[in-house]
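1. Sequence and computational prediction follow.
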Amino acid sequence: MAWITKNSAGTKIETRDEPYLTPEMRDELVNLYLPRYEVRMGALFPALHMIQHHYGWVPHQAMLEIAEVLGITPADVFDTATFYEEYWTKPKGEWQISVCRSIACEFCDATACTEAIKTKLNIDVGETTPDNKFTLVELECIGSCGTAPAAIFNDDLHENLTPQRCVELVEQIQNGTYQPGGTGAVKDA
Ligand code: FES
């Protein structure tokens, strides 16, 4: 069997003049996080969190900057950022719709909800609409099994969903009538 390889060596990454790691972020990484860990790799998670939290995603340029500040290889940063679903290596939409795909929701037809949203927005799971308004993802159990199927629209938990209700929520966001709060606001972890 022949392996099909990607020409990663020829990959061009998008860059901008302004660094993603601000002087404050660099200072925090060097003086607060690095001293906490025995190995420099230990500060990688806080560094990625910092960028993700500030920009909503982790651009390739930011990965290079993190590697330089932490004294680790860009490949280590890339491997970690692309391994964990928590980190986004592409910009997200203004609204992230996260439909639970775990067993209780699956039994209660979460798949039909996901399909309805996919059709409404004309995107697949993991994609963002061309206007950068919506990103659709699937998550594992979000802790609302008793009111399955459930989904999170940005920070709002919506329970007992139906495909029709999902479409309604999307339409409300599109026409500006969406009321934040959902059926239960998601608390910060
Ligand atoms: S399985 Fe969906 S919320 Fe638990």
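-> Structure's in. What do you need? Numbering: from 1, shown residues only.
2. What ranges does this protein have for its helices?
-> Counting by DSSP state H, the chain has helices at residues 23-28, 44-55, 60-70, 74-83, 103-107, 110-121, 163-175.
3. If you count neighbours, what's buried in the third one?
-> This points to helix 60-70. For helix 60-70, burial by neighbour count (16 or more other CB atoms under 10 Å) applies to His60, Gln61, Ala62, Met63, Leu64, Glu65, Ile66, Ala67, Val69, Leu70. All C-beta spots, glycine's among them, are computed from the backbone N, C-alpha and C.
4. can I assume the second one is in contact with Thr15?
-> Yep, that's Gln61 we're talking about. Yes: applying CB atoms under 8 Å, one finds Gln61 in contact with Thr15, separated by 4.8 Å.
5. Tell me how this protein divides into domains.
-> Following automatic domain parsing, the chain resolves into domains at 16-83, 95-185.
6. thinking again about what came up before, just so I know, which of the helices of the chain lies nearest the ligand?
-> helix 103-107 (3.4 Å; CB to the nearest ligand atom).
7. Spit out the contact partners of the residue lying closest to Cys113 once chain neighbours are set aside.
-> Of all residues not flanking Cys113 in the chain, Cys166 sits nearest, at 4.7 Å (CB to CB, 6 or more residues apart in numbering). Residues near Cys166 by CB atoms under 8 Å, 6 or more residues apart in numbering: Val99, Cys113, Ala116, Ile117, Lys120, Ala151.
8. What's the separation between Cys166 and Ile97?
-> Distance, Cys166 to Ile97, by CB to CB, to the nearest Å: 8 Å.
9. same deal with Ile51?
-> Relative to Ile97, and taking CB to CB, Ile51 is found at 23 Å.
10. and those two? which has more neighbours close in?
-> Ile97 (25 against 22; other CB atoms under 10 Å).
11. Okay, and the beta partners of the more buried one?
-> Leu136, Phe153 (DSSP bridges).
12. per-residue confidence for it?
-> As predicted, Ile97 sits at a pLDDT of 96.
13. Ok, Ala9 next?
-> pLDDT, Ala9: 74.
14. For it, which residues are in contact?
-> Ala9 neighbours (CB under 8 Å, 6+ apart): none.
15. ok, now how distant is it from Ile72?
-> Separation of Ala9 from Ile72 (CB to CB) stands at 20 Å.
16. can you check Cys113 too?
-> In terms of CB to CB, Cys113 sits 41 Å off from Ile72.
17. Same drill for these two, tell me which one is more crowded.
-> Cys113 (26 against 18).
18. I'd like to know how far that one sits from Pro59.
-> 31 Å.
19. Arg40 now?
-> From Arg40 across to Pro59, the span is 21 Å (CB to CB).
20. And the two? Which one has more around it.
-> Comparing Arg40 with Pro59 by neighbour count (other CB under 10 Å), the higher total belongs to Pro59, at 20 against 14.
21. Run through who's touching stretch 137-150.
-> 96-105, 107-110, 113-114, 125-126, 151-152, 157-161, 183-184, 186.
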